[in-house]
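> I'd like to go over a predicted model; first the sequence, then the structure.
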Amino acid sequence: MPRTSYAIAIGSNRWGRYGPPVTQVQDARIFLSEVGRVTASSPVIASPPLGPSRRRFANAVILFETMLDPPALLRALKAIERDFGRRPGVRWGARVLDLDIVLWSAGPYWDRTLTIPHPQFRKRRFVLDPLLRIAPDWRDPLSGLSVRQLAARARKVGHKVDRARLRS
C-alpha cells in the first residue's frame, strides 16, 4: 500500500502508566511515531467528558503518515492503547488513552470494525478545534465540507470545549 495520511484523535482523562492525562496524550505521539511519521500535532486542549465519566479530558489531534491500511492501523492503535493500560470498560467512561482514526487521505472506508471518517467527528469540538489548528482545509469526504466549515458549524450549535490550552 502506498503511504497515506490520517488524522488521529488522541484523548485521555485518567492517570496511567505515563502519568497524568496531558502526559498520556503527549507520549502517545511518541508511540505513534514507531508505526509511521507524525507530520503535524495540535496543542493539547481540555474538554468536558461525554457520557458517564466525570473527569475532564486532555485532547489533541495529529496528522500521521504510514504505509498501513486502515485495519492494520486500527490494530496498531489498539495495541498502543493496551500498552498504556487501557482495558475494556464502560462506553464513554474514564480511559487512560483513546486513539481514533478521524480522517484518511484516501477517502471513506467501511468494514465491520471501522468507519472512516469517524461517524461523530463532525459534532465534536474536542476533535474539530485541534484539527482546525493543523488541517483547516482537509475536506470531509462525505459532506465535502472543510474542517474549518465543520468547526464553524459545531460552534454555532453550541458544542462545548474549554478554551484552555493545556500543553503542546
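Now that the structure is in, tell me what you want to look at. Residues are numbered from 1 along each chain as shown.

> please, where are all the strands along this protein?
4-12, 37-41, 44-47, 57-66, 98-104, 109-110, 115-116, 165-167 (DSSP state E).

> and of the ones you listed, who's closest to residue 87?
Nearest to residue 87 among these is strand 98-104; the distance by C-beta to C-beta comes to 12.3 Å. For glycine as for every other residue, the C-beta is placed from the backbone atoms N, C-alpha and C.

> ok, that closest one: who's next to it in the sheet?
strand 4-12 (antiparallel) (DSSP bridges).

> which parts of the longest helix seen in the chain are buried?
Counting residues, the longest helix in the chain under DSSP state H turns out to be helix 70-83. Of the residues in helix 70-83, 70, 73-74, 76-77, 80-81 count as buried by neighbour count, 16 or more other C-beta atoms under 10 Å.

> name the nearest of these relative to residue 99.
For these, the nearest to residue 99 is residue 77 (4.1 Å; C-beta to C-beta).

> mind putting the strands of the chain into TSV with mean neighbour count?
Putting those into TSV (neighbours: other C-beta atoms under 10 Å) gives the following:
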stretch	mean neighbour count
strand 4-12	24
strand 37-41	15
strand 44-47	23
strand 57-66	24
strand 98-104	22
strand 109-110	12
strand 115-116	19
strand 165-167	15
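
> got a markdown table for those, with distance to residue 137 and mean pLDDT too?
Formatted as a markdown table, the strands of the chain follow (distance: least, C-beta to C-beta, whole Å; pLDDT from 0 to 100):
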| stretch | distance to residue 137 | mean pLDDT |
| --- | --- | --- |
| strand 4-12 | 12 | 96 |
| strand 37-41 | 12 | 96 |
| strand 44-47 | 20 | 92 |
| strand 57-66 | 12 | 96 |
| strand 98-104 | 12 | 97 |
| strand 109-110 | 21 | 96 |
| strand 115-116 | 18 | 98 |
| strand 165-167 | 22 | 49 |
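
> these: which one's closest to residue 156?
Closest among the strands of the chain, using C-beta to C-beta: strand 44-47, at 17.9 Å.
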